[in-house]
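Asks: Just a sequence and a predicted model for now, questions to come.
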Amino acid sequence: MAKREKFQKTNAMRELERAGVSFTYQELEEDDLTRGLGLRMALEAGVDPASSFKTLITVASSGTYVVCCIPVGEELDFKKAAAAAGEKSLSMLPTKELEGLTGYVRGGCSPVGMKKRFPTLIDETAQLFDTIGISGGRRGLSLRLAPDDLLAFCDAKYADICREETR
């Protein structure tokens with residue numbers, strides 16, 4: 001009889017469990033797990049892609065990092081996000097700096113379980129759903145939880161931070 005492979009929890013999963021936050025998870029077979037991963041995972045799980053959120057790390061002109069969670073099919077509006085964060089401007093964190101700053105790789109960045117907590121914005125459309133999907137902390141792993149639980153856990157705020165043209 002073959003040995004059953006042990007599932008490895010991520011920092012995101014451990015932190016949510018420690019805080020008593022209820023969530024479910026889904027894994028996607030690892031192949032090319034970067035471009036369009038969030039959309040593919042939502043479709044495979046049979047959930048509305050608008051309820052699956054990607055995590056983007058931005059840098060403010062002041063040097064502050066701001067985490068932005070937006071639906072996988074949307075684009076971040078940097079001006080709206082900067083205003084919501086109380087910053088003059090925001091730009092994307094260079095990919096090469098992502099793992100060192102957050103502990104996560106591109107395609108596996110979660111707003112939960114980073115090396116350090118940063119101000120976090122969640123697009124206001126998250127409130128339309130009972131549960132939303134976020135990265136579980138590694139490529140191909142998605143967590144689903146109540147948006148208000150994520151908001152409270154990350155001490156985040158809801159804001160209109162997506163580009164209008166994509167909506």
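Replies: Sure thing, it's come through.
Asks: Now the closest residue in space to T55 that isn't next to it in sequence: phi and psi?
Replies: In space, T55 comes closest to C109 once its chain neighbours are excluded; the distance is 4.6 Å by Cβ to Cβ, 6 or more residues apart in numbering. From N, CA and C alone the C-beta is placed, and that goes for glycine too. Dihedral angles phi and psi of C109 (degrees, to the nearest 10) take the values phi -80, psi 130.
Asks: C109: neighbouring residues, count only.
Replies: For C109, the number of neighbouring residues by other Cβ atoms under 10 Å comes to 26.
Asks: Return the residues in contact with it.
Replies: Contacts here follow Cβ atoms under 8 Å, 6 or more residues apart in numbering; on that basis C109 touches 55, 57, 98, 102, 135.
Asks: Might one say that the first one is in contact with P71?
Replies: In other words, T55. No: with contacts counted by Cβ atoms under 8 Å, T55 stays clear of P71, the gap being 11.6 Å.
Asks: What distance do you get for the residue nearest in space to the middle of the chain to E15?
Replies: Closest to where the C-alpha atoms of the chain average out (Cα atoms, centre = their mean) is T55, at 3.2 Å. As defined by Cβ to Cβ, to the nearest Å, T55 lies at a distance of 14 Å from E15.
Asks: do the same with K157
Replies: Note on K157: its distance to E15, by Cβ to Cβ, is 19 Å.
Asks: just F118 next, same as before
Replies: Taking Cβ to Cβ as the measure, F118 and E15 are separated by 14 Å.
Asks: Please apply the same query to S61.
Replies: Note on S61: its distance to E15, by Cβ to Cβ, is 30 Å.
Asks: After the lowest-mean-pLDDT helix or strand in the chain, heading C-terminal, what element do we hit next?
Replies: Averaged element by element with mean pLDDT, DSSP states H and E, the chain has its least confident helix or strand at helix 37-45 (a mean of 70). Downstream of helix 37-45, the first helix or strand assigned by DSSP states H and E is strand 53-60.
Asks: what's that following strand packed up against?
Replies: Secondary-structure packing of strand 53-60 (3 or more Cβ pairs under 8 Å, 6 or more residues apart in numbering; DSSP states H and E): strand 65-71, helix 78-85, strand 90-92, helix 95-102, strand 132-135.
Asks: what's the offset of that strand from the middle of its chain?
Replies: On the basis of Cα atoms, centre = their mean, to the nearest Å, the separation between the geometric centre of strand 53-60 and that of its chain is 8 Å.
Asks: which intervals of the chain have sub-threshold pLDDT?
Replies: Low-confidence segments of the chain, defined by pLDDT under 70, are located at 1-7, 29-38, 40, 43, 166-167.
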